[in-house]
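Colleague: take a look and give me a structure for this.
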Amino acid sequence: MGSVFDHDLPEETPEEIAALEDPQVDETAPSSGEVVFPEPLYHLKLEYSSESLYATAEADEYAAGDQVLVPTRYGKDLALVMGKVRVPIGIRADDVVVIERKATEHDLAQREELREKETQAFTIFREKVEQHHLEMKLIATHYLVEEPKILFFFSAENRVDFRDLVKDLVSIFKMRIELRQIGVRDESRITGGLGVCGRPFCCHAVTDKLRPVSIRMAKDQGLSLNSMKISGQCGRLLCCLAYEHEWYCEAKKSLPNEGIRLRYEEINFRVTEVNPLTGMIRLLGEDGRVLKIPSTRMQRVDGKWRIQ
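Modeller: As a prediction, this is how the structure comes out:
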């Protein structure tokens, strides 16, 4: 049934497929496994933006579920402790911040009060956007607990001149205003949702520190290069491609490549499919025979693969 639908899908150009990729970064930077991080190391989450950050503590111990005050790129604010980690994902040692203290009852009560104000701020922002005739989509609003500052996360297809809008907002809220234009991945991370697998978005529920996703990752995992199959709700390549890529690369080291030829029972065979997940290998013989064997029967001797 799946193959029938595959034929109904429109063909896509390499340029259209490449547009799904994330901007690539310098891969020569040291990985998390090569860096020494301070201990204890905690995985924290900013609940309003679903951003991950890592922090250490000088004295106190913290448990999963605690609210703590930490410096963030937006200012001092509360973050949720997800738990202790040994090897963080996608950061450098100097990205680790220091937890200042555990949130007090006053901090938590203040946060609840500010959440009510955020609903009002959301409405006011949208009204002002309409007045200024700006093409902006407001995603989220957040008041910092420790600083007199309000954040507005928005998306837009093009750059937006919002200087007059900021002046209006400052006159209304009487505090610092910060507007953050975010991309499609960031929007999905903040709003959340379910992926094609039926589970919450990786960027929302797991971590936002995954490597940039590339078409090469989809190829290495043997996936069909069709945007409907390898892209998520955000229109970009699925986050899980980066999450699982390292495992696939490691698993394939002990498996033959597709396309290699070998001889078995006096017949020449060609490897047509290698499935690292199931550990099964499919071969097609020159006599038309199809073999499906477990990878444990494949052995490399003197640089050549043989079937045991």
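
Colleague: could I get the full set of helices for the chain?
Modeller: In the chain, the helices defined using DSSP state H lie at 2-8, 14-18, 105-131, 163-173, 184-191, 202-205, 215-220, 227-230, 239-252.

Colleague: report all helices and strands that the fifth one contacts.
Modeller: Packing contacts for helix 184-191, counted by 3 or more CB pairs under 8 Å, 6 or more residues apart in numbering; DSSP states H and E, involve strand 137-143, strand 149-155, helix 202-205. C-beta here means a position set from N, CA and C on the backbone, and glycine is covered the same way.

Colleague: outline the domain layout of the protein.
Modeller: 32-103, 107-182, 186-252, 261-307 (automatic domain parsing).

Colleague: how about those in CSV, adding mean pLDDT and mean neighbour count?
Modeller: CSV is the format used below for these (pLDDT from 0 to 100; neighbours: other CB atoms under 10 Å):
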stretch, mean pLDDT, mean neighbour count
domain 32-103, 88, 16
domain 107-182, 93, 15
domain 186-252, 83, 17
domain 261-307, 89, 13
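
Colleague: who's in contact with residue 155?
Modeller: Neighbouring residues of residue 155 by CB atoms under 8 Å, 6 or more residues apart in numbering: 136-137, 139, 181-184, 186-187.

Colleague: I'd assumed residue 44 was in contact with residue 81.
Modeller: Yes - contact status for residue 81 versus residue 44: in contact at 5.9 Å, counting by CB atoms under 8 Å.

Colleague: quickly list what's touching both of these two.
Modeller: By CB under 8 Å, 6+ apart, the residues touching both residue 81 and residue 44 are residue 68.

Colleague: mind putting the helices of the chain into a markdown table with distance to residue 155?
Modeller: Shown next, in a markdown table, are the helices of the chain (distance: least, CB to CB, whole Å):
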| stretch | distance to residue 155 |
| --- | --- |
| helix 2-8 | 32 |
| helix 14-18 | 22 |
| helix 105-131 | 12 |
| helix 163-173 | 15 |
| helix 184-191 | 5 |
| helix 202-205 | 15 |
| helix 215-220 | 24 |
| helix 227-230 | 20 |
| helix 239-252 | 18 |
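
Colleague: of all the ones you listed, which one comes closest to residue 306?
Modeller: helix 239-252 (18.2 Å; CB to CB).

Colleague: got the CA coordinates for the closest one in PDB?
Modeller: Presented in PDB, the C-alpha positions along helix 239-252 are these (Å, rounded to 0.1, in the frame of the first residue of the first chain):
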ATOM      1  CA  CYS A 239      14.700  16.800  14.500                       C
ATOM      2  CA  CYS A 240      14.900  13.000  15.200                       C
ATOM      3  CA  LEU A 241      17.200  12.600  12.100                       C
ATOM      4  CA  ALA A 242      19.900  14.400  14.100                       C
ATOM      5  CA  TYR A 243      19.000  12.700  17.300                       C
ATOM      6  CA  GLU A 244      19.400   9.200  15.800                       C
ATOM      7  CA  HIS A 245      22.100   9.900  13.200                       C
ATOM      8  CA  GLU A 246      25.100   9.000  15.400                       C
ATOM      9  CA  TRP A 247      23.600   5.600  16.300                       C
ATOM     10  CA  TYR A 248      23.000   4.800  12.600                       C
ATOM     11  CA  CYS A 249      26.600   5.800  11.700                       C
ATOM     12  CA  GLU A 250      28.000   3.600  14.500                       C
ATOM     13  CA  ALA A 251      25.800   0.700  13.600                       C
ATOM     14  CA  LYS A 252      26.700   0.800   9.900                       C
END
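
Colleague: ok so, going back, now render the helices and strands packed on helix 184-191 as a markdown table, adding distance to residue 308.
Modeller: Formatted as a markdown table, the helices and strands packed on helix 184-191 follow (distance: least, CB to CB, whole Å):
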| stretch | distance to residue 308 |
| --- | --- |
| strand 137-143 | 57 |
| strand 149-155 | 56 |
| helix 202-205 | 39 |
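
Colleague: of all those, which one is nearest residue 193?
Modeller: Using CB to CB, the nearest of those to residue 193 is helix 202-205, at 7.4 Å.

Colleague: check contacts around the closest residue to residue 287 other than its chain neighbours.
Modeller: Using CB to CB, 6 or more residues apart in numbering and skipping residues adjacent in sequence, the residue nearest residue 287 is residue 267, 5.6 Å away. By CB under 8 Å, 6+ apart, the contact set of residue 267 is 285-287, 289.

Colleague: of all the helices of the chain, which one is nearest residue 64?
Modeller: Of all these, helix 202-205 sits nearest to residue 64, with 14.7 Å by CB to CB.

Colleague: could you say what helices and strands that closest one packs with?
Modeller: With 3+ CB pairs under 8 Å, 6+ apart as the test, helix 202-205 has helix 184-191, helix 239-252 packed against it.
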